[in-house]
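Peer 1: Please find the sequence and the predicted model below.
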2 protein chains.
Amino acid sequence: MRGARYSSGVDNEVGQEIADALGILLRRTTRAQLHQQLTAGMGEGVDEVTYPVLSALARTGPRSAADLAPDVGIDRSGVTRRATRLEAAGLIRREADPHDRRAHLLVLTERGQLAVTELRTRLAAHITASLSSWPPGEAEAFARRLRRFTAEGPFA
Amino acid sequence: MRGARYSSGVDNEVGQEIADALGILLRRTTRAQLHQQLTAGMGEGVDEVTYPVLSALARTGPRSAADLAPDVGIDRSGVTRRATRLEAAGLIRREADPHDRRAHLLVLTERGQLAVTELRTRLAAHITASLSSWPPGEAEAFARRLRRFTAEGPFA
DNA sequence: CAGGTAAGCGTGCGCGGCGCACGCTATTCT
DNA sequence: AGAATAGCGTGCGCCGCGCACGCTTACCTG
């Protein structure tokens, strides 16, 4: 199980350390207080519940609710309900699929696009600010490792 | 706000990259499927809902439910209910505080201690395994950065 | 070309977790 | 000693979720 390609392998203590850190991070980032703080001032539609739908939509382009569901990680019906709220808030709109008249494509409105970019910017600024005290190049290296970790790591 | 100590500062694009990666990681690690897979075979008491209480208890030692609540991130009553389930499963027990006869201290039983170490080991092994293909030293460096990120990062 | 099957969507329903507030017991303060 | 406070468990209402159903539209086969 260890050292598949490199003779030195990876000490299991490292995995333990990463696991603990991820656990802490998971708890911290799910604090409702943080979410409310980050979404403060935006329209009433964007929410810690509805945002994942908005974000996934911004990432992958217009898609149906059923297609979006596995990416968000909840049931198809849940995506539909969140989409209904986002639509009421004017952040997305339902568009008829030209190729299939049953399908309703979810597409971001201009306000929706604005909201997601705004929130992404806020979060990035929040992170960048607290990384300003890191030695030069450290943050960039960390970002690269983190990207690789998410791409081909244990949670791929 | 940027470059407080180092003249080069940190490009905001780095923050953006980290933010996106964390978002993905957050979604992946909250998949119920993953939790069930990791807790498979253990007693019926350990659960993705009850585990944070168990874990916090293992980290900080015997504490009251009210003290535990802010660390878990939910209301005091929620901790009480989860503790009740864990007690029924024989993973923790309520002990009378010798100094205050109102207080019920939550303390891990032997089986509880065993369960949390087992789960920690499983998760660490899962992570270590998928890091075996990384170049030597990379995983260790990533673990160090991640630890620092959680300790003094934007979510401290 | 027609009828049956399947896909896609929204919604009703039951379940479960959460936060708030209340009651009860033990403690502390005046 | 009596009042005020802290600590705990629980009832209650709310909300999100997954499942299953009905309805519309597309596909497929004879």
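Peer 2: Received the coordinates, thanks.

Peer 1: rest of the way, CA atoms for contacts and neighbours
Peer 2: Fine.

Peer 1: List the buried residues for the helix or strand of chain A with the lowest mean pLDDT?
Peer 2: When the helices and strands of chain A are scored by mean pLDDT, DSSP states H and E, helix A:32-38 comes last with a mean of 90. Residues A:Leu38 are the ones in helix A:32-38 that count as buried (16 or more other Cα atoms under 10 Å in any protein chain shown).

Peer 1: That one near DNA strand C at all?
Peer 2: No - judged by Cα under 7 Å from any atom of the strand, helix A:32-38 makes no contact with DNA strand C; its nearest approach is 7.9 Å.

Peer 1: how far is that helix from where the chain is centred?
Peer 2: Remark: helix A:32-38 is offset 15 Å from the chain centroid, using Cα atoms, centre = their mean, to the nearest Å.

Peer 1: Now do the helices for chain A: every range, in order, please.
Peer 2: When assigned using DSSP state H, the helices of chain A occupy the ranges A:12-29, A:32-38, A:51-60, A:65-72, A:76-88, A:110-130, A:138-152.

Peer 1: Need the residues that contact the last one.
Peer 2: What that stands for is helix A:138-152. Applying Cα atoms under 8 Å, 6 or more residues apart in numbering or on different chains, the contact partners of helix A:138-152 are A:131, A:156, B:10, B:14, B:17-18, B:21, B:24-25, B:130, B:142, B:145-146.

Peer 1: In PDB, list the C-alpha atoms belonging to that helix.
Peer 2: Only the C-alpha atoms of helix A:138-152 are listed here, as PDB (Å, rounded to 0.1, in the frame of the first residue of the first chain):
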ATOM      1  CA  GLU A 138       5.200  29.600  -0.100                       C
ATOM      2  CA  ALA A 139       1.600  30.500  -0.800                       C
ATOM      3  CA  GLU A 140       2.000  29.700  -4.500                       C
ATOM      4  CA  ALA A 141       3.600  26.400  -3.700                       C
ATOM      5  CA  PHE A 142       0.800  25.600  -1.300                       C
ATOM      6  CA  ALA A 143      -1.800  26.400  -3.900                       C
ATOM      7  CA  ARG A 144      -0.200  24.200  -6.400                       C
ATOM      8  CA  ARG A 145       0.000  21.200  -4.000                       C
ATOM      9  CA  LEU A 146      -3.600  21.800  -2.900                       C
ATOM     10  CA  ARG A 147      -4.800  21.900  -6.500                       C
ATOM     11  CA  ARG A 148      -3.000  18.600  -7.100                       C
ATOM     12  CA  PHE A 149      -4.400  17.200  -3.900                       C
ATOM     13  CA  THR A 150      -7.900  17.900  -5.000                       C
ATOM     14  CA  ALA A 151      -7.400  16.700  -8.500                       C
ATOM     15  CA  GLU A 152      -5.700  13.400  -7.900                       C
END
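
Peer 1: Just the angle for it relative to helix B:12-29, thanks.
Peer 2: Helix A:138-152 and helix B:12-29 are oriented at 30 degrees to each other (axes from the mean of the first three to the mean of the last three Cα atoms, to 10 degrees).

Peer 1: Over to the fourth one?
Peer 2: Between the axis of helix A:65-72 and that of helix B:12-29 there is an angle of 100 degrees, by the same axes, to 10 degrees.

Peer 1: Touching helix A:65-72 from outside, list them.
Peer 2: Helix A:65-72 is contacted by residues A:52-53, A:56-57, A:75-76, A:78-80, A:83, A:104-106, B:27 when judged by Cα under 8 Å, 6+ apart.

Peer 1: same thing with the shortest one?
Peer 2: Residues lying outside helix A:32-38 but in contact with it, judged by Cα under 8 Å, 6+ apart, are A:Asp47, A:Glu48, A:Leu119, A:Arg122, A:Leu123.

Peer 1: Leaving out sequence neighbours, find the closest residue to the second one.
Peer 2: Okay, so that is A:Glu48. Spatial nearest neighbour of A:Glu48, excluding adjacent residues (Cα to Cα, 6 or more residues apart in numbering or on different chains): A:His35 at 6.1 Å.

Peer 1: Now chain A against DNA strand D: closest residue?
Peer 2: Closest contact between chain A and DNA strand D, by Cα to the nearest atom of the strand, is at A:Asp75 (3.2 Å).

Peer 1: mind listing what that residue touches?
Peer 2: A:Ala69.

Peer 1: and the gap between it and B:His104?
Peer 2: Distance of A:Asp75 to B:His104, given as Cα to Cα, to the nearest Å: 39 Å.

Peer 1: same question, A:Thr117
Peer 2: In terms of Cα to Cα, A:Thr117 sits 47 Å off from B:His104.

Peer 1: So between these two, which is more surrounded?
Peer 2: Between A:Thr117 and B:His104, counted using other Cα atoms under 10 Å in any protein chain shown, the more crowded position is B:His104 (18 against 14).
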